[in-house]
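>>> Please find the sequence and the predicted model below.
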Amino acid sequence: MAIALPEGFWWDWDVVSWDPSCLVLGAGYDLGYHHLLELRFGEPELVSCPAAFQDPVFRDPTAAETDRVHAQLGAAPPVLVAFTADAGGPAPAEGLIAAGRLSIVRGTVFRYWREELGPAERLAPWVRAPVG
């Protein structure tokens with residue numbers, strides 16, 4: 001499935017969090033302080049994705065990618081997303097994610113401690129209040 005992203009500057013991407021129930025990719029124009037978009041893959045079954053990448057092109061999975069996922073999982077997943085991106089290596093990186101569902105969430109997610117948050121603002125999962 002080719003993802004239709006909302007309009008915006010989504011060139012920097014990274015894995016924000018990943019556990020058995022959800023893989024979250026964060027995107028924005030500069031991930032040093034915040035991200036503004038999340039792709040939330042619920043119930044991820046198969047993930048092949050660089051930890052950080054730039055300028056992804058989301059596309060329909062190739063027949064070979066689809067066959068590989070079907071062979072590995074035994075069935076077609078509800079969501080299958082493929083992309084090609086720059087991950088800093090000599091060749092483009094290929095990403096493939098099979099999951100139970102996908103949600104696209106907009107909002108400011110700060111990657112540093114902030115006392116007060118406005119509407120549609122939250123803290124990244126690793127941010128904690130300062131001690132002392």
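Looks like it arrived, so ask away. The shown structure was predicted, so the numbers you read here are calculated from the model rather than taken from an experiment.

>>> Could I get the contacting residues of the most centrally placed residue in the chain?
The structure's the chain has its C-alpha centroid closest to residue 25; by CA atoms, centre = their mean the separation is 2.0 Å. Contact analysis of residue 25 by CB atoms under 8 Å, 6 or more residues apart in numbering lists 13, 14, 15, 16, 38, 39, 41, 49. Where you see a C-beta, it was placed from the backbone N, CA and C, and this is true even at glycine.

>>> From residue 35, how far out is it?
For residue 25, the distance to residue 35 equals 9 Å [CB to CB, to the nearest Å].

>>> swap in residue 59?
Distance, residue 59 to residue 35, using CB to CB: 22 Å.

>>> Neighbour count: those two, which is higher?
For the pair residue 59 and residue 35, the greater number of neighbours falls to residue 35 (25 against 15), based on other CB atoms under 10 Å.

>>> List the beta-bridge partners for the more buried one.
Going by DSSP bridges, residue 35 is paired in beta bridges with residue 109.

>>> who touches it in this structure?
Neighbouring residues of residue 35 by CB under 8 Å, 6+ apart: 12, 14, 16, 26, 27, 28, 109, 111, 124.

>>> so the fourth one, which of the three states?
The three-state label for residue 26, taken from DSSP: H, G, I helix; E, B strand; the rest coil, comes out as strand.

>>> For residue 29, see how far away the nearest residue to it once chain neighbours are set aside is.
Closest residue to residue 26 apart from its sequence neighbours, by CB to CB, 6 or more residues apart in numbering: residue 35 at 3.6 Å. Computed as CB to CB, the residue 35 to residue 29 distance reads 9 Å.

>>> which residues are in contact with both of those two?
Joint contacts of residue 35 and residue 29 (CB under 8 Å, 6+ apart) are residue 12.

>>> That's all I had, so thanks and see you.
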